[in-house]
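Asker: Here's a sequence, model it:
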Amino acid sequence: MKRIVIVDDDPQMGRLLKILFELEGYEVFVARQYGDILPTIREAQPDVVLMDVRVQGKETFHLLRELRQDKALAHIPVVMTSGMNCQQECLEAGANRFVLKPFVPDEMVRVVDSLVGVAG
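Answerer: Sure thing, here's the model as predicted:
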C-alpha cells in the first residue's frame, strides 16, 4: 500500500486530505504539530510527503532541507502547498513540486500519484 504523510495544521484541511487520499488507496499519516513533522515522516517511511509551507506560524523550509540531508529520507518526494505563490523558494529548498492553494482535489491526487509512479 502507498503511504503519504500530510503536514497541515488546519484540522479541516487535514481531514479532507486524509479522506481524499484514503479513497485513493493510500495509508495516510497526518502531522499537525510542527514538532511532529520529522518524527512522523521517519516513523511512516512514506512514498510521498504533502507539506504546507507554514505550520503553527513557522515556515517548513528548514524541515524540508533537513529531510533532503537525511540519507534515510532524502529520496522521499515532497509536494509543498501554500496560499501564497512561493514556488521558487519551495523548489530551491528541495521540494519536487509546489501546488498553490486553493487546489482542486483531483489535481492534487494527480500530482502526488505522478511522484509515486502511479499512472494517473
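
Asker: Just want the phi and psi numbers for Val111.
Answerer: Torsion angles at Val111 (phi, psi; degrees, to the nearest 10) stand at phi -60, psi -50.

Asker: wait, it sits on Val79?
Answerer: Yes - when contacts are counted by C-beta atoms under 8 Å, Val111 is listed as touching Val79 (5.8 Å). From N, CA and C alone the C-beta is placed, and that goes for glycine too.

Asker: what is in contact with those two at once?
Answerer: Contact criterion C-beta atoms under 8 Å, 6 or more residues apart in numbering; residues shared by Val111 and Val79: Arg97, Val99.

Asker: what about Phe98, which SS state?
Answerer: Secondary structure of Phe98, reduced to three states by DSSP: H, G, I helix; E, B strand; the rest coil: strand.

Asker: Beta-bridge partners for it, please?
Answerer: For Phe98, the beta-bridge assignment (DSSP bridges) gives partners Met80.

Asker: Helices along this structure, start to end?
Answerer: Ranges of helices in the chain, per DSSP state H, are 11-23, 37-44, 61-69, 87-93, 105-115.

Asker: low-confidence ranges in this protein?
Answerer: Under the criterion of pLDDT under 70, the regions of the chain flagged as low confidence span 118-120.

Asker: any idea which residue sits dead centre in it?
Answerer: The residue at the geometric middle of the chain, judged as the C-alpha nearest the mean C-alpha position with C-alpha atoms, centre = their mean, is Leu50 (1.1 Å).

Asker: hang on, that one packs against Ser82?
Answerer: No - no contact is recorded between Leu50 and Ser82 when judged using C-beta under 8 Å, the distance being 11.9 Å.

Asker: What's the end-to-end length of stretch 87-103?
Answerer: Start-to-end span of stretch 87-103 (C-alpha to C-alpha, to the nearest Å) is 14 Å.

Asker: and if you look at stretch 45-57?
Answerer: With C-alpha to C-alpha as the measure, the ends of stretch 45-57 fall 25 Å from one another.

Asker: Any buried residues in that stretch, and which?
Answerer: Buried residues in stretch 45-57, counting neighbours by 16 or more other C-beta atoms under 10 Å, are found at Pro46, Asp47, Val48, Val49, Leu50, Met51, Asp52, Val53, Arg54, Val55.
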